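I would like the atomic coordinates for the input below:
(chains A and B)
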Amino acid sequence: MDIDVKNLHPLEVRLLRHVSLGQNITGNGIVEELGYKVGQCNQAFSWLSAKGYLIETSRTKGVFYELTDFGREQQAKGTPAQRIFGLLANGPKSLPEIAQELNLEKSEIGSAFGQLSKSDVVCMNEENKATRKNDFLPLELEVAASLLTKGLDGEIAESSLSADEKQAMQKISKKRGAANSPFKLIEREELVFQLTGDGELARKAIFEKNITGEELGSVTTDMLSSGSWKTGAFRPYALNAPTSRLIPGRHNPYGNYLQWVKDKLCALGFEEFDGPLVENEFWNGDALFMPQFHSARDIHDVYYVKEPQHCKRIEEPWLSQVAQTHENGWKTGSRGWRYSFDHEFTRRQVLRSQGTVLSAKQLPHAKVPGKYFGVARCFRYDQVDATHGADFYQTEGIVLGDEVNLKTLLGLLKMFAEEIAGAEEVKYVPGYFPFTEPSIEVHIKHPVLGWFELGGSGIFRPEVTKALGIDVPVLAWGLGIDRMALMHLGLNDLRELFTPNIESVRTRRGN
Amino acid sequence: MLPVAKAELDGHEGDLLKIELNDTNRPDLWSAAGVARLLKAYWGVEAPVYDFCSTEEETFDNEGRELHVHSSVSSVRPYGIAFAAKGHTIDEQDLEALIQSQEKLCSNFGRKRKTIAMGIYRSSLIKYPVHYRGVDPDTTSFVPLGMSEKLTLREICSQHPKGKEYGPIVADSPVFPYITDDNGETLSFPPVINSARIGAVEIGDDELFLELSGTDLPDMLLAASIMACDMSDLGFDILPVKVIFPEETEFGKELTVPYYFQEPISCSLALVHKTLGEKMTGEEAVASLKRMGIYAFCSDETIYATVPEFRNDFLHPADLVEDIMIGYGLGNFEPEMPQDFTVGRLTAAEEMGRKVKDIMVGLGFQEMVYNYLGSRREYATNMEVDGKQYITIANPMSENYEMVRPSIIPSMMESESVSGHAPFPHKIFEVGKVAFLDDTDNSGTTTRNNLGFLSSDSVMGFNEVSSLVNTLMYFLGKGFSLASLDGDTRFIEGRCAAVMVGETKVGVFGEIHPKVLENWGCGMPTVACEIDLDLVMATK
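Next up, the predicted model:
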């Protein structure tokens, strides 16, 4: 066994230095000889036993006497017998006189006087006054008084008492109801330990390394101001002692991930946009050239606002241009959807159901060339489960420029796949979105997740861009970063991203 | 291969493949025959010729088969069209495929039979002409498919499972649509149910009559053509039916179905180059379209394409460009980086939010991210407020998600209510959005970027939260004062305050009222604060 004594606690060190091989080691002895408190002594025994340096050799029931408050008072003032005997040195007194002068209860006088007269050192004279018969207190009462003094130092083991002391102690101690008795009698098991072979090795090592157990502990301001540290050695601490838990202020790892994505997009030259949670059908669908009868615009796909049902107005000229584009294509080169555009429905208010709304709203204000993105909270009429939330984030954006085309769209997707998703391989497939033509889905091979769809994209239909005043091609893209966020956080349930559970968020690490 | 059809393999059992189709504008692909047709073209198999469609110029002989649409039906379901087929004996697989095509077309493309419903009948039992008219639902009766006795049309709506499902489409009309042959024998009560005799197609039948009724004539004609092409692929000869309408339609008063109504589509080669970034030749573009099953030619730097009988999804030249792209092969386009230089930038609200988050984290708070939808109980009842200014959802899926959160404080209280086990003190915050009614805005609502924070511990009170607000405002560089806050029942009166920057009330804070704590089942003294960061930013 490797003997490492550097990490021994001072209580262990001092104990080991104090004992020797073959010696019976008792708690009582250690308390007496090293001045340990009983608790400290028990700690030292327990630590050293655990290390295999001490072994328990026997366990006996011991009797101990503990000074009570009553005993402490007697020790300070003297016992009633002592006090009466002392008072009588000045001449005989009647019992009431004694009671008054010593401020004692009658019962106390009675019992103390009984002890004294039984020992034949006092008696009643003919005037019925107590008077001394002898100049010395009987041995037994002297012994009792000395026990009181001894008791001040702590528990007295019965095994340490002489025969006389034992006899005296019996009269002044009680096991129960000891409040009126000078000592309380306590029965306790006493453990006896011996040093083991390893313990002896440790003991020798301590001496060799000159560890005294008196090394310096915590650095104190006193130590620093007095310079006392200069003359001592610092005790090394146990490095692997358990530490206490700290609860730091922290960013939410999911929030951090979203911030990271935003920073990435900024680094790639994208400007952030944002918008309100309440939208109208115009921006949520019409401006994206989704026909008003489109299946995804059903009451079962979008949350409608109860009140106000409609917004006051839709900005012109966008309303007229979009409406005509739906009806007959307007000047976009399209034949349109060929139906009568509903001008009331278009003002119907909904909770934003897709981040692309923000892209559409940006178009009338966009710079050319321009790159924009948004991380938008969206709402869907979905049953909430591990893969669907009532509300969730979508990351979307657009790129405007006279020279952008399918190839630049593919390049952009490749850049996202590599920079944001850490993809190893990228694959493009034709997709379908109502507002882009052509439409492309990008699938990536992720080092951990394998192949999955990273996002959808395309070139905005001219019906979308021209109606909103943009004459250059606009690349539009959306990234499904939830799955990566979950992996990043070691989770597999979307609801966990928005959990109200404080402990769960506090302990969440992220990668 | 499936990506060509914008489709994904969804799974397979033995020989059966499940395919998910993403393009809602391509109903021709919603059948096995349709997907097979596209893949065959892509693989270069000679395309079948669908030479049964009449056009504006050429009308095929209907050999006496007619469908008369009566004016009595105009008010309820104005259009009916039909064609017939023979020359192939249907087996179990065919029947299944026909029913699947029919169902998909009517439920998705036909919006749950609202705009298109379709019936298939045993043509050999029919005496032409077939009549489509509006009838009295209470005096007209027949034996519907799946039942053994006569029911009136209205009874069918209440008693037959299909009646319960589709009856509501016509239920409010004084007359119901009804189809009979010239002998008065019932074909069906569209869009609900066929008759039990003529309308019961079985394995072994080799002469079919197919009728569509609805409200959108072009969509119905397209659906009819798709069915005709699918049936032609099965081996049927398609037989035209002349439809006679009571008045003019956009395609005339008489129409022989199947009918090709699609207009040709063209796009300039320049648009192809600009959109795809690839300088392909006219021949390459034409060959790409051929792989997509589209006949085209190039003349004068322009691609002219004939839209196939079964498609009508070319709204804009861009749609043709996409088919060229798919036919050319996405793998043949080399990704390129955008060349334009642009400046990346976060919104001012995001910048502000990050600053605030850093301060709150420094003050020992844990950032939370919450959902924005919740229940009235959480947002109003538990908070002891009336919720009159809150945005309510008209069609909530459940009462757990019926309101947009007006404040971050209830979100944080929910945290408290579920986190009694988490060691105290609790110090949490969120920077996020809230929304509530606001007359001054066009939408009658406003969305705000707010900070909310909450602290909960055995000893926690106004002084603690006041110190936090003081520190926060110091580091935001905003001088502020506190004003008394009256009538905010979320807090203990006299132990809450409004945070004022100049004359603007930018936030509130205080000791959460024990009644609110009780409502949430919380047993610790709690303080909370909410600050409107948009307002803070707007102040000098």
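
and A:V19, how far is that from A:A238?
22 Å (Cβ to Cβ, to the nearest Å). Heads up, the C-betas are built off the backbone N, CA and C, glycines and all.

in which helix or strand would I find the nearest residue to B:M368 once chain neighbours are set aside?
Excluding its sequence neighbours, the residue lying closest to B:M368 (Cβ to Cβ, 6 or more residues apart in numbering or on different chains) is B:E430, at 4.8 Å. B:E430 belongs to strand B:426-437 when elements are defined using DSSP states H and E.

compare neighbour counts for A:V19 and A:A238 and give me the winner.
Neighbours per residue (other Cβ atoms under 10 Å in any protein chain shown) separate A:V19 from A:A238, with A:V19 holding more: 23 against 10.

phi, psi for that one please.
Torsion angles at A:V19 (phi, psi; degrees, to the nearest 10) stand at phi -100, psi 170.

that one against A:E200, yeah?
No: the pair A:V19 and A:E200 fails to qualify as a contact (Cβ atoms under 8 Å) at a distance of 9.6 Å.

how many neighbours does A:E158 have?
Neighbour count for A:E158, taken as other Cβ under 10 Å: 16.

how much space between the residue lying closest to A:G329 once chain neighbours are set aside and A:F289?
Nearest non-adjacent residue to A:G329, counting by Cβ to Cβ, 6+ apart: A:G336, 3.9 Å away. Separation of A:G336 from A:F289 (Cβ to Cβ) stands at 9 Å.

ditto for A:F270
For A:F270, the distance to A:F289 - Cβ to Cβ - is 24 Å.

phi first, then psi, for residue 507.
Let's take chain A. Dihedral angles (degrees, to the nearest 10) for A:T507: phi -100, psi 0.

other chain: chain B
Per-residue torsions, B:G507: phi -180, psi 180 (degrees, to the nearest 10).

correct me if wrong: A:V472 contacts A:L400.
Yes: between A:V472 and A:L400 there is a contact at 5.7 Å, judged by Cβ under 8 Å.

who's more crowded, the two?
The residue with more neighbours, out of A:V472 and A:L400, is A:L400; 25 against 15, by other Cβ under 10 Å.

one step back: between A:V472 and A:L400, which contacts overlap?
Listed as contacting both A:V472 and A:L400 by Cβ atoms under 8 Å, 6 or more residues apart in numbering or on different chains are A:V368.

where in the chain is pLDDT low?
By default, I'm working from chain A. Scanning chain A for pLDDT under 70 picks out the ranges A:1-2, A:299-300, A:511.

switch to chain B, please.
Using pLDDT under 70, the flagged stretches of chain B are B:1.

how does it divide up, domain by domain?
Chain B breaks down by automatic domain parsing into domains covering B:49-257, B:265-332, B:348-538.

can you put the ones you listed in TSV and add mean neighbour count?
Formatted as TSV, those follow (neighbours: other Cβ atoms under 10 Å in any protein chain shown):
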stretch	mean neighbour count
domain B:49-257	19
domain B:265-332	19
domain B:348-538	19
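
what's the closest of the ones you listed to A:G389?
Across the domains of chain B, A:G389 has its closest neighbour in domain B:348-538 (6.8 Å, Cβ to Cβ).

which stretches of the stretch 351-500 of chain B form helices?
B:376, B:409-418, B:462-476 (DSSP state H, counting those that start in this stretch).

format the ones you listed as TSV; extra columns: distance to chain A.
Shown next, in TSV, are these (distance: least, Cβ to the nearest Cβ, whole Å):
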stretch	distance to chain A
helix B:376	12
helix B:409-418	4
helix B:462-476	12
